[in-house]
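Student: this one's structure only:
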């Protein structure tokens, strides 16, 4: 019998950030998953939904260039136009509020961008995807990663 080199409890938990979008009518844009590493391994995407895009950053957090890439991905799925504009509601993260490339994309493609800092303890009211969609997604994705 050999003792394992480490147990599950001892492993350092690594955060995987994601950007997901769904309309009130249920139209779903495949997510962007940001891995906390310098390079992506193809097998990390084996358990993701079809159409998922990925990015890497040592911190694992979204950056302006990664968010700009996601907005282009969003545009390719939603197909907004200045004749039929859409509203994109975002939180007040700096990659959303200070990103001139995204503002220009919004103007060009008819995306009305609304950024707001949510009031304390209101995420469950203002972001129902956190409860109805992202909670189960996080749970089952974590199970797949552990296996």
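Tutor: Thanks, I have the structure now. As the structure is a prediction and not an experimental result, all values here were calculated from the model.

Student: Wait, residue 29 touches residue 18, no?
Tutor: No. In this structure residue 29 lies outside contact range of residue 18 using C-beta atoms under 8 Å: 11.5 Å. Every C-beta, even on glycine, is put in place using the N, C-alpha and C of the backbone.

Student: So, low pLDDT: which residues of the protein?
Tutor: Scanning the chain with the threshold set as pLDDT under 70 gives 1-14, 118-126.

Student: show me where it has strands.
Tutor: Under the criterion DSSP state E, the chain contains strands at 17-22, 28-35, 53-56, 86-91, 111-116.

Student: any chance of the ones you listed in a markdown table, with mean neighbour count and distance to residue 134 too?
Tutor: Listed next are the strands of the chain as a markdown table, based on neighbours: other C-beta atoms under 10 Å; distance: least, C-beta to C-beta, whole Å:
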| stretch | mean neighbour count | distance to residue 134 |
| --- | --- | --- |
| strand 17-22 | 18 | 6 |
| strand 28-35 | 20 | 9 |
| strand 53-56 | 18 | 17 |
| strand 86-91 | 14 | 13 |
| strand 111-116 | 14 | 19 |
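
Student: Check which helices and strands the top helix by length along the chain sits against.
Tutor: When the chain is parsed with DSSP state H, its longest helix is helix 64-78. For helix 64-78, the contact count by 3 or more C-beta pairs under 8 Å, 6 or more residues apart in numbering; DSSP states H and E identifies strand 17-22, strand 28-35, strand 53-56, helix 94-97, helix 100-109 as packing neighbours.

Student: swap the cut-off to 7 Å and go again
Tutor: For helix 64-78, the packing partners by 3 or more C-beta pairs under 7 Å, 6 or more residues apart in numbering; DSSP states H and E come out as strand 28-35, strand 53-56, helix 94-97, helix 100-109.

Student: Just the angle for the first one relative to strand 17-22, thanks.
Tutor: Here strand 28-35 points in a direction 170 degrees away from that of strand 17-22 (axes from the mean of the first three to the mean of the last three C-alpha atoms, to 10 degrees).

Student: Can you list the strands that strand 28-35 pairs with?
Tutor: strand 17-22 (antiparallel), strand 53-56 (parallel) (DSSP bridges).

Student: between the ones you listed, which one is nearest to residue 37?
Tutor: Distance to residue 37, taken as C-beta to C-beta, is lowest for strand 53-56 among the strands paired with strand 28-35, at 5.1 Å.
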